[in-house]
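Trainee: here are the coordinates; sequence isn't available:
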């Protein structure tokens, strides 16, 4: 029998015996030989932390950072910014990149329908409970608004309508605008 085969058998038998001695008991912890970074020391958000100069665990973000997916809108609640938004903001959806109207409908149903109603006529549930009726999305000024105007109103708010920027992601706001345009197109169709 070759020496290399004999050495392999002895080593394998040694591992087998070692496994039997140490065993695998689910009631107790396994042996850790090199834990590396398997368990790191966790600090609670409000607890002191010796690794930072200010001794705080919860750190402020670096100045000028923007959370992923949140491009800031530099508009205020003013008529001038409303007009500027209509000129500057352009929908990312066009003929080459059609919107997901099903997602836009879900966003509309979740956030807009309660005031504007199922068909956008301004007859939502809140109007039945004393809240002033919002304007219809199917007539008058709403038909002449640019997509940027509607996006601005959803993002910043206008008159009785609050800002929905913190509740609705940017892309979903554009999808809601596309769905409103779809509702308006169905209204105009014979």
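Mentor: Sure, I can see it. As the structure is a computational prediction, the values presented were derived from the model and not from experiment.
Trainee: what's the separation between residue 166 and residue 34?
Mentor: For residue 166, the distance to residue 34 (CB to CB, to the nearest Å) stands at 46 Å. For the C-beta atoms, the positions are set from N, CA and C on the backbone; glycine is no exception.
Trainee: revised request: answer the last question for residue 44.
Mentor: Counting by CB to CB - residue 44 and residue 34 are separated by 28 Å.
Trainee: neighbour count winner among the two?
Mentor: Remark: of residue 44 and residue 34, residue 44 carries more neighbours, 9 against 5, as counted by other CB atoms under 10 Å.
Trainee: distance check, the closest residue to the more buried one other than its chain neighbours against residue 50.
Mentor: In this structure, residue 44 finds its nearest non-sequential neighbour in residue 57, 6.7 Å apart by CB to CB, 6 or more residues apart in numbering. Separation of residue 57 from residue 50 (CB to CB) stands at 10 Å.
Trainee: of the two, who's got more company?
Mentor: Using other CB under 10 Å, the more surrounded residue of residue 57 and residue 50 is residue 57, with 16 against 7.
Trainee: the more buried one reaches residue 49, doesn't it?
Mentor: Yes: contact between residue 57 and residue 49 holds when scored by CB atoms under 8 Å: they sit 4.1 Å apart.
Trainee: give me the common contacts of the two.
Mentor: Taking CB atoms under 8 Å, 6 or more residues apart in numbering as the criterion, residue 57 and residue 49 both touch residue 43.
Trainee: burial count for the closest residue to residue 113 other than its chain neighbours?
Mentor: If the residues on either side of it in the chain are set aside, residue 113 comes closest to residue 124, at 6.0 Å by CB to CB, 6+ apart. By other CB under 10 Å, the residues close to residue 124 number 19.
Trainee: tell me who's in contact with residue 124.
Mentor: Going by CB under 8 Å, 6+ apart, residue 124 touches 113, 114, 115, 116, 117, 134.
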